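*Asks:* quick one, what's the 3D model for this:
(chains A, B, C and D, ligands or ions: 4)
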2 protein chains.
Amino acid sequence: MASASVEDYLKAIYLLQTARTPATTRGLADGLGVRMASVTGMVKQLHAAGYVRHERYRGVQLTAKGRRLALRVLRRHRIIELFLSKVLGLPWDEVHEDAEALEHAASDRVIERLNTLLGSPAFDPHGAPIPHGDGTISPLNGRLLSDCEVGHRGRILCVSDKDPAFLRYLAGIGIRIGLRFRLVDKAPFDGPLAIHAGRKKIVLGHPAATRVLVSPP
Amino acid sequence: MASASVEDYLKAIYLLQTARTPATTRGLADGLGVRMASVTGMVKQLHAAGYVRHERYRGVQLTAKGRRLALRVLRRHRIIELFLSKVLGLPWDEVHEDAEALEHAASDRVIERLNTLLGSPAFDPHGAPIPHGDGTISPLNGRLLSDCEVGHRGRILCVSDKDPAFLRYLAGIGIRIGLRFRLVDKAPFDGPLAIHAGRKKIVLGHPAATRVLVSPP
DNA sequence: TTCCAAAATTAGGCTTGCCTAACTTCGTCG
DNA sequence: CGACGAAGTTAGGCAAGCCTAATTTTGGAA
Ligand SMILES: [Mn+2]
Ligand SMILES: [Mn+2]
Ligand SMILES: [Mn+2]
Ligand SMILES: [Mn+2]
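*Replies:* Residues are numbered from 1 along each chain as shown, chains lettered A, B, ... in the order given. Ligands and ions are numbered 1, 2, ... in the order given. All right, here's what the predicted structure looks like:
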């Protein structure tokens, strides 16, 4: 069985790759909160265990084996997050931290029971797709809110779950997963965006809009 | 925050003390599945951290601080066991192992939500009392089935949760927590016991009966 | 009372995963 | 080109927790 560290590294590599960012030593160190030297050390282990390919001074890439394990961990993480949110009623900005620990302690047996209890859900509380039990995952087909044109109609698909303060902010201004909206204004030079949702108008800055994924037109 | 190992050691010490067995190096090593030398090493740590008193070549005793933490861990363990059993429907012989890992990963926030979800239960699936949130615990007032006299009427109070095969055996012969029974026969020289429960007759050996706690007359 | 096996401890070693400090390599910009 | 800052790696170290082997202490049996 892989250690909690190995699981977290593979998950971090997968998430970087999925964001089409190369999984660099720097990126992993920042994402995992460790030093670059620690990443270099662990990458050697991951390579020796057959989880990744590594080209020195370039980044790292998951092998099929590594991807399989990364998706298993991600499935656990997201099912646990949804359980914490939907069944226990924890706010969406508090579930990630708990899930980060529980994902390494919950057996597959427990995860599959949770999955059943939740009705085999497709998305976690932040709108991210839950990998399937068979090792596949349905990719999100969306675009950044910041990339949309004025007039764009769609729904809020997914937001990053890493920053609790950001999630509280979003909740505070009324943005939640599934919300239908129309982009009504977009100031130039990366200025703020305005959307209509129902009869409410919501304004948010450009940097925030780069962290929100919405459905295509 | 104490490590998972420290938490398991304190829990093991507490359980030995509660069973009125002195918490010896041998007993801890057996209970935790490690070597005696490892126990000696950890006991030094626990002493340095103020969790236990230690008299060389004698056993170890929890301080107030150690007892507090032990009860917190035991509370987590038993709430998680009940959740796995009652909400997820895992059989009672499978919950201990999962709880042993989850007890170190679940935050107090999650535990208190689970406790609420379960209705602030008093007992875990094996009949053991769940320590309260304030650091107290209601002791079980029972006696071993093997110590009862023929004619004794009572209920099954609690069974050990450590041995899955034993739990499966008990379930197989129809023994479960809360079952009302009358002891109808007891062979001499540590022979088998027979109880009536409802219209069923259940026979079990003396060693098994020493692992079953029942209510006093 | 002595002796012996079990219990306990000490000594020393290993693995994992992190760190800092020193170095090498990369890629960009003047 | 050439140099310089960022990225990456190497070297060496540390803490936790486990191990085996050797030694010491204990307590009960002879
Ligand atoms: Mn998350
Ligand atoms: Mn994690
Ligand atoms: Mn248990
Ligand atoms: Mn445990």
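*Asks:* from here on, contacts and neighbour counts on C-alpha atoms
*Replies:* Fine.
*Asks:* excluding chain neighbours, what is closest to the residue in chain A that ligand 2 sits nearest to?
*Replies:* Per CA to the ion, the residue of chain A with the smallest distance to ligand 2 is A:E100, at 3.7 Å. Distance criterion CA to CA, 6 or more residues apart in numbering or on different chains; nearest residue to A:E100, sequence neighbours excluded, is A:H77 at 6.7 Å.
*Asks:* contacting residues around that neighbour?
*Replies:* Contact analysis of A:H77 by CA atoms under 8 Å, 6 or more residues apart in numbering or on different chains lists A:A99, A:E100, A:L102, A:E103.
*Asks:* from these, pick the one nearest DNA strand D.
*Replies:* Proximity of the contacts of A:H77 to DNA strand D was ranked by CA to the nearest atom of the strand; the top entry is A:L102 with 17.6 Å.
*Asks:* for that closest one, report the pLDDT, please.
*Replies:* At A:L102, the model reports a pLDDT of 98.
*Asks:* and it, how many neighbours?
*Replies:* Residue crowding around A:L102 was assessed by other CA atoms under 10 Å in any protein chain shown; the count is 22.
*Asks:* ok, now which ones touch it?
*Replies:* Counting by CA under 8 Å, 6+ apart, A:L102 has contacts A:H77, A:I80, B:L102, B:A105, B:A106.
*Asks:* what residues does chain A put near chain B?
*Replies:* Residues of chain A found near chain B (CA under 8 Å from any CA of the partner chain) are A:L84, A:L88, A:D98, A:A101, A:L102, A:A105, A:A106, A:S107, A:V110, A:R113, A:L114, A:L117.
*Asks:* now, those that are in helices?
*Replies:* Among the residues of chain A next to chain B, the members found in helices (DSSP state H) are A:D98, A:A101, A:L102, A:V110, A:R113, A:L114, A:L117.
*Asks:* looking at these, spot the one nearest A:V39.
*Replies:* A:A101 (19.7 Å; CA to CA).
*Asks:* just give the closest residue to A:R58, not the sequence neighbours.
*Replies:* Excluding the flanking residues, the one nearest A:R58 by CA to CA, 6+ apart is A:T24, at 6.9 Å.
*Asks:* ok, now which ones touch the one you found?
*Replies:* A:R58, A:G59, A:V60.
*Asks:* do the same with A:S5
*Replies:* A:S5 touches nothing, counting by CA under 8 Å, 6+ apart.
*Asks:* try A:P139
*Replies:* So A:P139 contacts A:P129 (CA under 8 Å, 6+ apart).
*Asks:* got it, and A:V95?
*Replies:* A:V95 neighbours (CA under 8 Å, 6+ apart): A:E81, A:L84, A:S85.
*Asks:* convert stretch A:20-35 to PDB, retaining C-alpha atoms only.
*Replies:* These are the backbone C-alpha positions of stretch A:20-35, laid out as PDB (Å, rounded to 0.1, in the frame of the first residue of the first chain):
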ATOM      1  CA  ARG A  20      -2.300  21.400 -18.700                       C
ATOM      2  CA  THR A  21       0.500  22.800 -16.500                       C
ATOM      3  CA  PRO A  22       3.600  20.600 -16.700                       C
ATOM      4  CA  ALA A  23       4.200  18.900 -13.300                       C
ATOM      5  CA  THR A  24       7.400  20.600 -12.400                       C
ATOM      6  CA  THR A  25       9.400  20.400  -9.200                       C
ATOM      7  CA  ARG A  26       8.500  23.900  -8.400                       C
ATOM      8  CA  GLY A  27       4.800  23.400  -9.000                       C
ATOM      9  CA  LEU A  28       4.700  20.300  -6.800                       C
ATOM     10  CA  ALA A  29       6.600  21.900  -4.100                       C
ATOM     11  CA  ASP A  30       4.200  24.800  -4.000                       C
ATOM     12  CA  GLY A  31       1.200  22.700  -4.300                       C
ATOM     13  CA  LEU A  32       2.200  20.300  -1.500                       C
ATOM     14  CA  GLY A  33       3.800  22.800   0.800                       C
ATOM     15  CA  VAL A  34       7.200  21.200   0.800                       C
ATOM     16  CA  ARG A  35      10.700  22.200  -0.400                       C
END
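*Asks:* mean confidence for it?
*Replies:* Per-residue scores along stretch A:20-35 average to 97.
*Asks:* can you list the domains in chain A?
*Replies:* Annotated domains of chain A cover A:4-62, A:143-214 [automatic domain parsing].
*Asks:* among those domains, which is nearest A:V73?
*Replies:* domain A:4-62 (6.6 Å).
*Asks:* and the strands in chain A, which stretches?
*Replies:* Listed in chain order, the strands of chain A (DSSP state E) span residues A:52-54, A:60-62, A:143-144, A:153-159, A:180-186, A:193-197, A:200-204, A:212-214.
*Asks:* what about A:Y57, how many neighbours?
*Replies:* 8.
*Asks:* and it, what does it touch?
*Replies:* Neighbours of A:Y57 in contact, by CA under 8 Å, 6+ apart: none.
*Asks:* identify each buried residue in the longest helix that chain A contains, please.
*Replies:* Longest helix in chain A, counting residues (DSSP H): helix A:64-82. Buried residues in helix A:64-82, defined by neighbour count with 16 or more other CA atoms under 10 Å in any protein chain shown: A:66-82.
*Asks:* near DNA strand D, which residues of chain A are found?
*Replies:* Contact residues, chain A versus DNA strand D (CA under 7 Å from any atom of the strand): A:24-27, A:36-41, A:55-59.
*Asks:* and of those, the nearest to B:L140?
*Replies:* A:S38 (49.3 Å).
*Asks:* for that closest one, give me its contacts.
*Replies:* A:A29.
*Asks:* same check, this time on A:R155
*Replies:* Counting by CA under 8 Å, 6+ apart, A:R155 has contacts A:I177, A:G178, A:L179, A:R180, A:F181, A:V214, A:S215.
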